[in-house]
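Q: task: produce atomic coordinates for the following.
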Amino acid sequence: MKSCFLTLWAACALILGLSLAATAQRTGGQTELSTAQRLDVMTSKLDSMRRSLNSAIGAMNPSSNSKEKANADDPVVRLRSLEKEASSLLTEVNDIRTKNDKAERFDTTAVDRLETSVSELNTRVEAGLQSTASARTATANSAASASTTKKKKKGRLFGLLGGGDDKYEDLTGAAVVGRDRVLFEEGAKEVRKGHHDTGRLLFSTIINTYPDSAFLPLAKLAIADSFFLEGTTSALIQAAQAYQDWLTFFPTDPLADDAMLKVAEAEMRQMGLSDRDISHAKKAEQRLKVLLQQYPKSTLRPTVESRLREVQENLAMHNLLIARFYQDTKLKTGKGGLKGAQSRLKENIDKYPCFSYNDEVLYRLASTYQMEEEPDEAARYYQQLLQGFPDSEFNEKAREQLNIIGAPIPEKGTPNECAKRDPQTFMGNLMQQISGKADVTVNKDGILISKDGKGGSDLIDEALRYNGQLPAKTTPDAPVQRSAPRPVPQDTKHRNADSSAAPAPSASTPTPSPAVIRP
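A: Residues are numbered from 1 along each chain as shown. A predicted model of the protein is given here:
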């Protein structure tokens, strides 16, 4: 018995210590992102830009221009200038990161300035890569015959030794007809292997070098998937932004509702417990509500509604914890008002009718009005408690208070089915406190690429089968009228249907003409 007590005491002390540590680490209240997270995102973006630029420069024989006078109109000079800017910004970011890690003082406005600079540079890099695509193609065509033998020998050597630094040098260099498909296929393979950076480089090459490719919309979406599959904090931040950017370019695409759901799930994967930062929960709630409003007939609606209930459970518990603090402080010390508790409890009643602790919310709300000598309001909420939660542990106390007030006790009503409370074990609660993560259901697969998917089983394989197009699928009613009506839908894997139903095109049969993924 004594050993059980000591074990329970140690577990409680651990939970309390973790909560205090989490509270101590929060600075500035419910901030959007910490400084470290913002620096991680900028580092990732700058690394990606430098890899793309260096790959493009390497494909243009820059060594021949080393002794000539620099010309601002020279494609190589333009790309080198952009690469130098990216390297310079990366140095600044790393300098601030070092100071932040060592808790040294630095100008906090420098982080805002760097974010603006990185965003502006990214726009110029994409434009520069696209504008120099033709120059890279010309350079590659003129040097193709001379470099073929050398590349083959070098590739064999690196292949035997397991290196492969030059594996994608040809692919990411000049624009060649049909190479966009190869880039798309290789990018999918790399992401499946967990080489997310390499996969993103290959997908980015399609965007920057093949602006008219049929694979371009899906390449943008695959980049967002790669961040979502990577799953780190900085990657999830970039995944949400990448999905949102894709929706900006393709708002009426058949996969638009999937992308909006992934934006919400990226926020859900960053949600903490209800006694911690709720900024991600608020963002997720907003995204899910917008999805339901814009796509009321989406086949994802049951999933979205389930996700929304879980997010709102977290937000409602946050309000209840604050209300408990205000009310208990008033009862213990007699200090402080009850208006703060009332506002939080009322918000739960009005906005979260399916909250599993709404019986306690109603009882506490009635108690605050009774303490403020407003018996009519108190009686109204006591009666709602008895009618909506006939089996609640607070019912006996509610009846006693109604007798004191002199209000009638209502008959047993229909229970609130959506507010059922799932029991949680002690160990389950302990593990949740240790992890600090909210208990929400999230599909960690991407839209085109799944986490454990193999070749032939994902939606991206359907796109390869149909050369950058997807079979006709269930399409939600978007807020914008589409250019042409869809035929009878054929669900893909992402809509919980067998994607193998669509036969692969062969040399003897004409290629089918499925719906093109374009706005």
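Q: name the residue most distant from the centre of the chain?
A: For the chain, the residue at maximal distance from the C-alpha centroid (CA atoms, centre = their mean) is G406, at 53.1 Å.
Q: who's in contact with it?
A: G406 sits next to P375 when contact means CB atoms under 8 Å, 6 or more residues apart in numbering. Glycine gets a C-beta too; all of them are placed from N, C-alpha and C.
Q: quick check, T172 in contact with F203.
A: No - checked against CB atoms under 8 Å, the pair T172 and F203 is beyond contact range at 10.7 Å.
Q: so what sits against both of those two?
A: Common neighbours of T172 and F203, using CB under 8 Å, 6+ apart, are L183.
Q: show me where the stretch 151-300 of the chain has helices.
A: When assigned using DSSP state H, counting those that start in this stretch, the helices of the stretch 151-300 of the chain occupy the ranges 179-192, 196-209, 216-230, 233-249, 256-268, 279-294.
Q: contacts for the fourth one next, please.
A: This means helix 233-249. For helix 233-249, with CB under 8 Å, 6+ apart as the criterion, the contacting residues are 33, 37, 40-41, 44-45, 196, 217, 220-221, 223-225, 227-228, 230, 256, 259-260, 262-263, 266-267, 269-270, 519.
Q: do that again at 7 Å, thanks
A: Contacts of helix 233-249 from elsewhere in the structure, counted by CB atoms under 7 Å, 6 or more residues apart in numbering, are 33, 37, 40-41, 44, 220-221, 223-224, 227-228, 256, 259-260, 262-263, 266-267, 269-270.
Q: do the same with the third one
A: For helix 216-230, contacts defined as CB under 7 Å, 6+ apart pick out 184, 187-188, 191, 196, 199-200, 203-204, 206-207, 210, 235, 238-239, 242-243, 246, 249-250, 255, 262, 266, 446-449, 451, 460, 463, 468, 517-518.
Q: how about K437, phi and psi?
A: Its backbone dihedrals place K437 at phi -100, psi 140, with angles given as degrees, to the nearest 10.
Q: would you state the helices of the stretch 301-450 of the chain in chain order?
A: Secondary structure of the stretch 301-450 of the chain, counting by DSSP H, counting those that start in this stretch: helices at 301-333, 339-351, 358-371, 375-388, 395-405, 426-435.
Q: in the first one, what's buried?
A: It stands for helix 301-333. Buried residues in helix 301-333, counted by 16 or more other CB atoms under 10 Å: 303-304, 307-320, 322-323, 326-327, 330.
Q: for the residue farthest from the centre of the chain, give me the pLDDT.
A: Note on G406: pLDDT of 90.
Q: ok, so what distance separates it from L470?
A: Using CB to CB, to the nearest Å, one gets 67 Å for the distance from G406 to L470.
Q: repeat for A86
A: Using CB to CB, one gets 34 Å for the distance from A86 to L470.
Q: likewise L300?
A: L300 sits 16 Å away from L470, going by CB to CB.
Q: again with E190
A: With distances taken as CB to CB, E190 is found 21 Å from L470.
Q: these two: which is more packed in?
A: L470 (25 against 20; other CB atoms under 10 Å).
Q: quick check: L365 touching A379?
A: No - at 11.9 Å, L365 and A379 do not qualify as touching, with contact defined as CB atoms under 7 Å.
Q: quick one on the thing from earlier: include distance to D107 when you put the helices of the stretch 301-450 of the chain into JSON lines, please.
A: JSON lines is the format used below for the helices of the stretch 301-450 of the chain (distance: least, CB to CB, whole Å):
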{"stretch": "helix 301-333", "distance to D107": "34"}
{"stretch": "helix 339-351", "distance to D107": "37"}
{"stretch": "helix 358-371", "distance to D107": "45"}
{"stretch": "helix 375-388", "distance to D107": "52"}
{"stretch": "helix 395-405", "distance to D107": "56"}
{"stretch": "helix 426-435", "distance to D107": "35"}
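Q: could you tell me the least trusted of those?
A: Here the helices of the stretch 301-450 of the chain differ in mean pLDDT, and the lowest is helix 426-435 at a mean of 67.
Q: grab the nearest non-local neighbour of Y357.
A: Of all residues not flanking Y357 in the chain, L320 sits nearest, at 5.8 Å (CB to CB, 6 or more residues apart in numbering).
Q: that neighbour contacts N358, doesn't it?
A: No - no contact is recorded between L320 and N358 when judged using CB under 7 Å, the distance being 9.1 Å.
Q: common neighbours of those two, please.
A: Listed as contacting both L320 and N358 by CB under 7 Å, 6+ apart are N348.
Q: how much space between the residue nearest to S450 when sequence neighbours are not counted and M271?
A: For S450, ignoring the flanking residues on the chain, the nearest one in space by CB to CB, 6+ apart is D458 at 5.3 Å. Taking CB to CB as the measure, D458 falls 27 Å from M271.
Q: got it, and L320?
A: Computed with CB to CB, the distance linking L320 and M271 is 17 Å.
Q: the more surrounded of L365 and A379?
A: With other CB under 10 Å as the criterion, L365 and A379 differ in neighbour count, and L365 comes out ahead with 28 against 22.
Q: what residues does stretch 108-123 touch?
A: Residues external to stretch 108-123 that are found in contact with it (CB under 7 Å, 6+ apart): 35, 38, 42, 45-46, 49, 85-86, 89, 92-93, 96.
Q: buried ones in that stretch?
A: For stretch 108-123, the buried set under the neighbour-count rule, 16+ other CB under 10 Å, comprises 111, 114-115, 117-118, 121.
Q: how about stretch 286-294?
A: Of the residues in stretch 286-294, those buried by neighbour count under the rule 16+ other CB under 10 Å are 287-288, 291-292, 294.
Q: and what of stretch 224-237?
A: For stretch 224-237, the buried set under the neighbour-count rule, 16+ other CB under 10 Å, comprises 224-230, 234-237.
Q: now swap in stretch 197-217 and tell me
A: Per 16+ other CB under 10 Å, stretch 197-217 contains these buried residues: 198-210, 213-217.
Q: quick check, pLDDT for P410.
A: According to the predicted model, the pLDDT of P410 comes to 88.
Q: surely I447 is in contact with P254?
A: No - contact criterion CB under 7 Å: I447 and P254 do not qualify, at 10.9 Å.
Q: which one of these two is surrounded by more residues?
A: Under the criterion of other CB under 10 Å, the comparison of I447 against P254 puts I447 first, with 23 against 20.
Q: find the nearest non-adjacent residue to that one, please.
A: For I447, the spatially nearest residue (CB to CB, 6+ apart) is D258, at 4.8 Å.
Q: now that neighbour: how far from R465?
A: Between D258 and R465 the computed distance is 19 Å (CB to CB).
Q: go on, E411?
A: From E411 across to R465, the span is 63 Å (CB to CB).
Q: between these two, which one's more packed in?
A: Applying other CB under 10 Å to E411 and R465 shows that R465 carries more neighbours, namely 19 against 8.
Q: from P471, how far out is that one?
A: Separation of R465 from P471 (CB to CB): 9 Å.
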